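[1] Could you look at this predicted model? Sequence included:
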Protein chains: 2
Amino acid sequence: MISVVGHTAIDHISRVPHLPAKNCSTHIYDRQIYFGGGAANIAAGIATLGEQVSLISCIGGDFYGSDYDRWMHRIGIQQQFFVVPEAHTPTAFMFTDDDGDQMTFFEWGASKAFATAEAPSLQFVHMATADPEFNCRVAERSEFTSFDPGQDVFWYTREQLETILANTDILFANQHEVRQMCSTLGMTKESIISQVGTAVFTMSGDGSTLHIGNTEHRIPALPVTLADPTGAGDAYRAGFLSAYVRGYDLLTCCKIGTVTASFVVEHVGCQTHLADWNAMKMRFEDHFGLLELPQSGNDR
Amino acid sequence: MISVVGHTAIDHISRVPHLPAKNCSTHIYDRQIYFGGGAANIAAGIATLGEQVSLISCIGGDFYGSDYDRWMHRIGIQQQFFVVPEAHTPTAFMFTDDDGDQMTFFEWGASKAFATAEAPSLQFVHMATADPEFNCRVAERSEFTSFDPGQDVFWYTREQLETILANTDILFANQHEVRQMCSTLGMTKESIISQVGTAVFTMSGDGSTLHIGNTEHRIPALPVTLADPTGAGDAYRAGFLSAYVRGYDLLTCCKIGTVTASFVVEHVGCQTHLADWNAMKMRFEDHFGLLELPQSGNDR
């Protein structure tokens, strides 16, 4: 069982002819609602790949019985939710105009409950972007921990990052997040890697790198028809972690992450086009050769 | 039975610390969802006052089973809806910052179906802000028609306004709407009144005026603790029309409209604080004296 800690969120993506000036209005051509939130995206990816997954999120009074709730049940995500009946499930409103300019309004909503929630002690947990303090407590109490700071990297203090990294087995980050972590910690990327032991850095279209101690492996991205890069990192982590619990070696885990991400970016939305294990395996073998059963387990 | 034609809409009212610049984001402190749409507000007011009311609106696939749907059933609105399953129910997103500046994004959504919908032939109909062409067709086919152009007054062509006014028995408008109608029609306010016969003009805190031919009556607003003026005009029309079908004279209808509106503005939201007949009657008698039963009927 993989546990994933972090946001479940609802994304409203709207197209408008122009963004409004202050005290003005505009109309919406088209509004689509997508299921999102970093942790929920990862959990959805893992569930679709066929692994048992439990999602630890804060949700509002609007969640149970919603389309998103039904979707989670359908794909088999186990919900371990902190419910704040008087709040909304975290919600983002993004407006994009005809020139491609954007405005985003983000409602943290029920996720405020992380601050005071009791942190669980977990066997195998991935901590996605969420409340830094809660993630620190989870990291300290859990056995195997992977971590990605996500867009909330700016909210982490030096002490919080130190606590988490001291308790992290595998670190995931993109280039921006690594830079910010180096800056907050006053450390080089190399010293962060050497502290954690294993790190995976994603570089969008340029693929990813796997760092095990001083060794670096480069994994190329797959050629895809890109519709929307959002959610690629989450899908990568879903693929990586699913492969990891099945006992694949770290480099193969990265390749499986890469292949899993390649599906998600072909459609708009982070949970719109998830791969099951067979679809992933077919595409894996087209690009990386035969995906054999793992030799030994990374049992947790 | 009063029929009301126009929008059913959902209003998301959010408070933010600051409005975002282009390509920036902000967070939402607080988001409240209110039931709105001019026609739905009027229907809710009429239903709560105890009259039979049928609401003719366009709704999306998100409506049935929603909180708004349940609310309409609870207060007894009869729904005569054009359903567009692939669209949203019209939705407005309003963001207000700490300086009181605002941005509004409005999604017309399912209301596009008015353009091609078959217009019903009705005995007693109020036409609120909606698709001008649809309202023209309703006006032409119906027996008794009242009309308020609302914020969509700008969308009406001269020909459309002429068609509607030629078929309108009572015109409702606020000062801005009257000015815009005069401008579009190239007519004075007096000539509009004389064409329609009966007109009611609302002036927010300054009360309203009733025009019957050349005669003008002024009805003062009630002193209230104002929380939010939105929906006052809709509540006024709900009160007026409910009184009208009960057979009250036009001046008493205006007073009942005034009292009905005084409840709505005491709370945020257009359907948050509706008066039933008894509550309206008590406040009426505090301000305007005994509300007797009407002498004769305005039977429809």
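    Thanks, I have the structure now.
[2] Then A:Y34 would be within a helix, right?
    No. Applying DSSP: H, G, I helix; E, B strand; the rest coil, one finds A:Y34 to be strand, outside a helix.
[3] In a strand, A:I46, correct?
    No. Going by three-state DSSP, the assignment for A:I46 is helix, not a strand.
[4] if I read this right, it contacts A:V53, doesn't it?
    Yes. Using Cβ atoms under 8 Å, A:I46 makes contact with A:V53 at a distance of 4.2 Å. C-beta: built from backbone N, CA, C; applies to glycine.
[5] and stretch A:169-178 with chain B, contact?
    No. Judged by Cβ under 8 Å from any Cβ of the partner chain, stretch A:169-178 stays clear of chain B, getting no closer than 15.0 Å.
[6] avg pLDDT for that stretch?
    Here stretch A:169-178 scores 94 as its mean pLDDT.
[7] what residues does chain A put near chain B?
    Residues of chain A lying near chain B (Cβ under 8 Å from any Cβ): A:14, A:16, A:19-20, A:22-28, A:31, A:88, A:91, A:93, A:95, A:101-109.
[8] Give me the buried subset of these.
    The neighbour count (16 or more other Cβ atoms under 10 Å in any protein chain shown) marks A:14, A:16, A:19-20, A:25-26, A:28, A:31, A:88, A:91, A:93, A:95, A:102-109 as buried among these.
[9] and the lowest-mean-pLDDT helix or strand in chain A, what other elements does it pack with?
    Lowest on mean pLDDT, DSSP states H and E among the helices and strands of chain A sits strand A:24-28, with a mean of 89. Under the contact definition 3 or more Cβ pairs under 8 Å, 6 or more residues apart in numbering or on different chains; DSSP states H and E, strand A:24-28 sits against strand B:102-107.
[10] can you list the residues that contact the strand it packs on?
    For strand B:102-107, contacts defined as Cβ atoms under 8 Å, 6 or more residues apart in numbering or on different chains pick out A:14, A:16, A:20, A:22-28, A:31, A:93, A:95, B:19, B:88, B:90-96.
[11] what are the pairing partners of it, and which direction each?
    With DSSP bridges as the test, strand B:102-107 is paired with strand A:24-28 (parallel), strand B:91-96 (antiparallel).
[12] how far is the first one from where the chain is centred?
    This means strand A:24-28. 32 Å (Cα atoms, centre = their mean, to the nearest Å).
[13] ok, residues contacting it?
    A:14-20, A:95, B:91, B:103-109.
[14] where's A:G269, which helix or strand?
    Under DSSP states H and E, no helix or strand contains A:G269.
[15] Name the nearest residue to A:A275, ignoring sequence neighbours.
    Leaving aside its sequence neighbours, A:A275 sits nearest to A:F263 (Cβ to Cβ, 6 or more residues apart in numbering or on different chains; 4.2 Å).
[16] pretty sure the one you found belongs to a helix, no?
    Yes. Counting by three-state DSSP, A:F263 is located in a helix.
[17] and the gap between it and chain B?
    Counting by Cβ to the nearest Cβ, to the nearest Å, the gap from A:F263 to chain B is 25 Å.
[18] try A:E216
    34 Å.
[19] That residue pairs with what?
    A:H211.
[20] likewise A:A9?
    Applying DSSP bridges, one finds that A:A9 bridges with A:G36.
[21] list the contacts for it?
    Taking Cβ under 8 Å, 6+ apart, one finds A:36-37, A:40, A:89-92 in contact with A:A9.
[22] so which of these would you say is closest to chain B?
    Of all the contacts of A:A9, chain B sits closest to A:T91, with 7.3 Å by Cβ to the nearest Cβ.
[23] List the beta-bridge partners for that closest one.
    Applying DSSP bridges to A:T91 gives these bridge partners: A:I10, A:E107.
[24] give me every residue that touches A:P17.
    A:26-27, A:29, A:97-98.
[25] nearest residue to the residue of the stretch 201-300 of chain A found nearest chain B other than its sequence neighbours?
    Going by Cβ to the nearest Cβ, chain B is nearest to A:T230 of the stretch 201-300 of chain A, at 14.2 Å. Counting by Cβ to Cβ, 6+ apart, the nearest residue to A:T230 once its immediate chain neighbours are dropped is A:C270, at 5.8 Å.
[26] isn't that neighbour right up against A:Y34?
    Yes. Using Cβ under 8 Å, A:C270 is in contact with A:Y34, at 6.5 Å.
[27] can you tell me which helix or strand the most centrally placed residue in chain A belongs to?
    Central residue of chain A (Cα atoms, centre = their mean): A:D234, 3.3 Å from the mean position. Here A:D234 sits within helix A:232-245, counting by DSSP H and E.
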